[in-house]
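**Q** Task: produce atomic coordinates for the following.
(chains A and B)
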Amino acid sequence: MGRSMVWKVACSEGAIGQNDLKEFDIDGVTVLLARVGEEYFAYPPLCPHQEEPLRKGLCDGESITCFKHIWQWDVRTGACTGTESRIPLKMYQVRKAAGQVEVLIEQPLVYEYDA
Amino acid sequence: MRIIVETKSGPLDVATLPGETILAAGLRQGVALSYECATGTCGTCRARLLDGEVDEGWPQAPGRQCLKQARREFLMCQAAPLTDCRIALPDPLGAWRAGAERPAEIAARVDRLVPLTHDMLALSLALERPMVFEAGQFALLGAPGTAGFRAYSMANWEAPSARLDFIIKRKLKGEFSDWLFTRARQGDAPRVFGPLGSAVLEPSLGHDLLVAVGGSGLAVALSILARAAGEGALGPNRARLFFGVRTMRDAALLEQISLWRERFGEAFEATVALSDASAGAAERAHWPALCFEDGMVHEAVGRGLEGGCDNTMAFLAGPPPMVDATMRVVMLKGRLPPSRIRFDKFS
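**A** Residues are numbered from 1 along each chain as shown, chains lettered A, B, ... in the order given. Below is the predicted model:
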């Protein structure tokens, strides 16, 4: 059975501080949320390079940086921005509804770590 | 043994010597395999075994946490082949830095051993043949007659150099430091493999330098400053050193650091950040060329960045939490992009 494509509540608005990165378990799927201003963005929780948890990295309002090898991405698009990163971040769709932050999870987004 | 390394641009051949790791053999033969610590901690050199058998080496290597057994992943820095092997890499091969010396095992003798603090000493090795290395690089050192290696950054720089200087911190149950602190004598021959590491100071960068180090990471600072001075970069460009220690009894080589200040004046500033106990008035008076601040080194760096840091290149070396905290500060406060940050996490 595949997962049905539905919007699921991650947290209430304001549960994440400005420029914070926070992990949420949404029905068994771990999602990393970033907040910039009143916008929220959602990604798989691990760095596409070497599976480092991105919650230990940095969001400065423009970029997300993983501290393992300073790979860096655009917080809004997931596109590689630093000189090091070679794999863009995958992203889930996010919306705000009735004071909640909701994430559209069809199936968990994963990277090909395979050698 | 013969290793076939499958890459996106086709297979490569690597031959290993008896007992040699796949990483050491590959680098020695000019194959730019991905690695960082070269001692089993970081997991950067993971690869997948397609055919053959390897001895995976150190069972408790922290870097093994990221390995997938089902995919037959292993750490190239730990693994020595038991048969001919075919392996695949998760990352494309890197580019060999132009002019970079290929690392190799080099014959060396202990030339000097000088106590620096209660748990650190300065080791100087005389090399049988000179080595060309970059400021910020490291070598693997092993006690004579043992198999294990530990990574230590060079504390000197000249090109080429017939001497390698290190700052060695005593480790509990550390085979190499145990040998060095208790049994090593002048003339002994430790095992040396190098040079290694990509957190290097490129020559002629034309940037101001911000060097933040913790504990024995001071070695990296000394090497980078020696190179900057050797290239004539100090003076036209500024260098700021932030040296993090717990207490004054951990603050090694303050005399040498003070001499840098005398030599380069305003172009060189040094701050000692003390996390556990302040410097006393007598100590401050004894080291007039140095600034002393209370707190962690990243906090001192944060205060130091208040005046801006345009055109700055940052070098960070020390324990991983110290490097990560400082990286956060230089990116958030200093707005330095990744291309202006080099780091070396010791563990």
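**Q** residue ranges with poor pLDDT in the chain?
**A** Since no chain was named, I'll use chain A. Along chain A, the model assigns pLDDT under 70 to residues A:1-5, A:113-115.
**Q** Can you look at chain B instead?
**A** B:203-204.
**Q** Which positions in whatever helix or strand residue B:298 lives in come out as buried?
**A** Residue B:298 is part of helix B:297-304 when elements are defined by DSSP states H and E. Neighbour-count burial for helix B:297-304, counted by 16 or more other CB atoms under 10 Å in any protein chain shown, picks out B:297, B:298, B:299, B:300, B:301, B:302, B:304. Just so you know, the C-beta spots here come from the backbone N, C-alpha and C atoms, and that holds for glycine as well.
**Q** What degree of burial does the closest residue to the third one other than its chain neighbours show, as a neighbour count?
**A** What that stands for is residue B:299. Distances taken as CB to CB, 6 or more residues apart in numbering or on different chains put residue B:273 closest to residue B:299, at 7.0 Å, once the chain neighbours are dropped. Using other CB atoms under 10 Å in any protein chain shown, residue B:273 has 26 other residues around it.
**Q** Chain A: strands as residue ranges?
**A** Assigned strands in chain A, in chain order: A:6-12, A:21-26, A:29-36, A:39-43, A:58-59, A:63-66, A:71-74, A:93-97, A:100-105 (criterion: DSSP state E).
**Q** ugh, typo on my part, it should be the stretch 101-250 of chain B
**A** With DSSP state E, counting those that start in this stretch, the ranges of strands along the stretch 101-250 of chain B come out as B:104-105, B:108-115, B:120-131, B:138-142, B:150-153, B:161-169, B:191-196, B:208-214, B:239-245.
**Q** mind checking how far the last one is from the chain centre?
**A** When C-alpha coordinates are averaged (CA atoms, centre = their mean, to the nearest Å), strand B:239-245 and its chain have centres 16 Å apart.
**Q** strands paired with that strand, and their directions?
**A** According to DSSP bridges, strand B:239-245 forms sheet pairs with strand B:208-214 (parallel), strand B:268-274 (parallel).
**Q** That one vs helix B:297-304, what angle?
**A** Here strand B:239-245 runs at an angle of 150 degrees relative to helix B:297-304 (axes from the mean of the first three to the mean of the last three CA atoms, to 10 degrees).
**Q** Would you check that residue B:114 makes contact with residue B:120?
**A** No: contact criterion CB atoms under 8 Å: residue B:114 and residue B:120 do not qualify, at 10.0 Å.
**Q** Compare neighbour counts for the two and give me the winner.
**A** Counted by other CB under 10 Å, residue B:114 and residue B:120 do not tie: residue B:120 has more neighbours, with 21 against 9.
**Q** Enumerate every residue touching that one.
**A** Taking CB atoms under 8 Å, 6 or more residues apart in numbering or on different chains, we find residue B:120 in contact with B:167, B:168, B:169, B:170, B:215, B:216, B:250, B:252.
**Q** likewise residue B:112?
**A** Taking CB under 8 Å, 6+ apart as the test, what residue B:112 contacts is B:122, B:123, B:124, B:186.
**Q** Kindly report the same for residue B:258.
**A** By CB under 8 Å, 6+ apart, the residues touching residue B:258 are B:270, B:287, B:289, B:290.
**Q** so which of the residues you listed comes closest to residue A:93?
**A** residue B:270 (50.7 Å; CB to CB).
**Q** Could you give the bridge partners of that closest one?
**A** Taking DSSP bridges as the rule, residue B:270 bridges to residue B:241.
**Q** who's in contact with it?
**A** Residue B:270 is in contact with B:240, B:241, B:243, B:257, B:258, B:260, B:261, B:289, B:290, B:291, counting by CB under 8 Å, 6+ apart.
**Q** between whichever helix or strand comes after the helix holding residue B:298 and strand B:138-142, how big is the angle?
**A** Next helix or strand after helix B:297-304 toward the C-terminus (DSSP H and E): strand B:312-318. In terms of direction (the same axes, to 10 degrees), strand B:312-318 departs from strand B:138-142 by 10 degrees.
**Q** thinking again about what came up before, scan the contacts of residue B:270 and report the most crowded one.
**A** Counting by other CB under 10 Å, residue B:243 has the largest number of neighbours within the contacts of residue B:270, with 27 neighbours.
**Q** neighbours around the nearest residue to that residue once chain neighbours are set aside, how many?
**A** Leaving aside its sequence neighbours, residue B:243 sits nearest to residue B:272 (CB to CB, 6+ apart; 5.1 Å). By the measure other CB under 10 Å, the count of residues near residue B:272 is 24.
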